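Student: here is the input, now give the coordinates:
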Amino acid sequence: MLKQVSFIAILLLAACSKEGSFTEAVSGGQSGSITRFAVYNNFMYLLNPNEVLTYDLADPDKPVLVNRLTTDYGLETIFIYDNAIYLGSTTALYILDISNPAAPEIQSETIREGSFQGGCDPVVVKEQYAYSTVKIIRNICGNIGTESALLVYDVSGQKCPSPGWRLPLNLPNGLGYKDHYLFVCDQGANRLEVFDIADPLALDYLPNQSIEISDPIDLIVAGNKMIVSTGSDFQIFDLSNFPVVKRVGQITK
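Tutor: Numbering: from 1, shown residues only. Coordinates of the predicted model:
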């Protein structure tokens with residue numbers, strides 16, 4: 001019998017959608033990598049397939065649409081880091097400047113090479129590197145692609161990001177990190193893959209640290225807790241003694 005879920009886990013899971021994609025979470029506005037909206041400085045950013053909608057939340061009960069930013073078709077995920085918005089789409093990684101949070105502007109658009117076109121594209125950012133998974137499935141991401149993978153981008157020059165390291169994976173989905181360890185949901189392999197990202201351009205794959213878990217979709221790392229959304233439940237892990245990982249809670253969907 002799993003231990004009782006901690007209070008912080010309950011708070012985080014309260015922000016998760018029934019389908020398993022994490023929406024905006026508490027504790028510093030953390031979210032999973034598969035989310036279509038985010039909040040920053042009293043503004044909410046919501047994705048349509050080809051535009052970013054900005055809402056003023058000065059009165060949370062009456063959000064006001066204040067801006068529309070048009071992009072190419074295929075927007076899927078949003079992640080905010082260090083005063084910038086990172087958008088994953090089926091074709092590209094967008095970086096938006098939010099120095100004026102009411103009116104985001106596109107700084108750059110990194111087009112993926114052909115073998116990755118059409119893939120779902122969650123993204124997280126740590127320091128000067130963005131980590132993105134590309135999962136390509138017939139009739140789900142809109143394409144019969146040739147390769148699913150974990151991609152790394154150098155985003156130190158936000159106006160001109162450059163692709164770096166990549167690793168083919170089975171069916172990668174959401175991802176997140178703690179310290180210099182990156183956790184990637186690989187639905188096809190039914191486990192969380194773990195990478196040492198101390199050197200972001202030469203990631204060290206740690207297969208012995210992989211966590212067996214059925215149908216992982218997305219995850220949130222909050223302090224020493226990791227909450228994983230699967231196809232049937234939310235599972236909570238204690239990372240305080242990583243690489244020793246303990247499953248400490250579970251909530252059925």
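
Student: CA only for contacts and neighbour counts going forward, please
Tutor: OK.

Student: and the pLDDT at residue 198?
Tutor: For residue 198, the model assigns a pLDDT of 95.

Student: nearest residue to it in space, please, no chain neighbours.
Tutor: Nearest non-adjacent residue to residue 198, counting by Cα to Cα, 6 or more residues apart in numbering: residue 180, 5.3 Å away.

Student: quick one: that neighbour from residue 128, how far?
Tutor: For residue 180, the distance to residue 128 equals 13 Å [Cα to Cα, to the nearest Å].

Student: for burial, what's the neighbour tally of the residue nearest to residue 198?
Tutor: 12 (other Cα atoms under 10 Å).

Student: and for residue 186?
Tutor: Residue 186 has 27 neighbours, counted by other Cα under 10 Å.

Student: dihedrals phi and psi, it?
Tutor: The phi and psi values for residue 186, taken as degrees, to the nearest 10, are phi -110, psi 100.

Student: neighbours of the closest residue to it other than its chain neighbours, how many?
Tutor: Among residues not flanking residue 186 along the chain, residue 172 sits closest, at 4.1 Å (Cα to Cα, 6+ apart). As a burial measure, residue 172 scores 31 neighbours (other Cα under 10 Å).

Student: report the contact partners of residue 172.
Tutor: Neighbour list for residue 172: 133, 134, 135, 148, 149, 150, 184, 185, 186, 187, 188 [criterion: Cα atoms under 8 Å, 6 or more residues apart in numbering].

Student: the last one contacts residue 148, correct?
Tutor: No: counting by Cα atoms under 8 Å, residue 188 stays clear of residue 148, with 10.5 Å between them.

Student: find residues that contact each of those two.
Tutor: 170, 171, 172.

Student: adding pLDDT and distance to residue 251, write the residues you listed out as TSV.
Tutor: Putting those into TSV (pLDDT from 0 to 100; distance: Cα to Cα, whole Å) gives the following:
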residue	pLDDT	distance to residue 251
170	82	26
171	84	24
172	88	23
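
Student: how much space separates residue 250 from residue 230?
Tutor: Per Cα to Cα, residue 250 is found 11 Å from residue 230.

Student: so which of these two has more stuff around it?
Tutor: With neighbours defined as other Cα under 10 Å, residue 250 and residue 230 compare such that residue 230 has more, 23 against 20.

Student: what bridges to the more buried one?
Tutor: In this entry, residue 230 is beta-bridged to residue 216, by DSSP bridges.

Student: now do the contacts for it.
Tutor: Residues in contact with residue 230 (Cα under 8 Å, 6+ apart) are 20, 214, 215, 216, 217, 218.

Student: nearest to residue 176 among the residues you listed?
Tutor: Ranked by distance to residue 176 (Cα to Cα), the contacts of residue 230 are led by residue 218 at 8.5 Å.

Student: name the element the closest one belongs to?
Tutor: Element membership of residue 218 [criterion: DSSP states H and E] is strand 216-222.

Student: render the CA-only coordinates of that strand in PDB, please.
Tutor: The C-alpha trace of strand 216-222 is given here as PDB (Å, rounded to 0.1, in the frame of the first residue of the first chain):
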ATOM      1  CA  PRO A 216       4.000   7.900 -18.700                       C
ATOM      2  CA  ILE A 217       2.700  11.100 -20.300                       C
ATOM      3  CA  ASP A 218       4.000  14.100 -18.400                       C
ATOM      4  CA  LEU A 219       5.700  15.100 -15.200                       C
ATOM      5  CA  ILE A 220       6.400  17.900 -12.700                       C
ATOM      6  CA  VAL A 221       9.500  18.200 -10.600                       C
ATOM      7  CA  ALA A 222       8.900  20.300  -7.500                       C
END
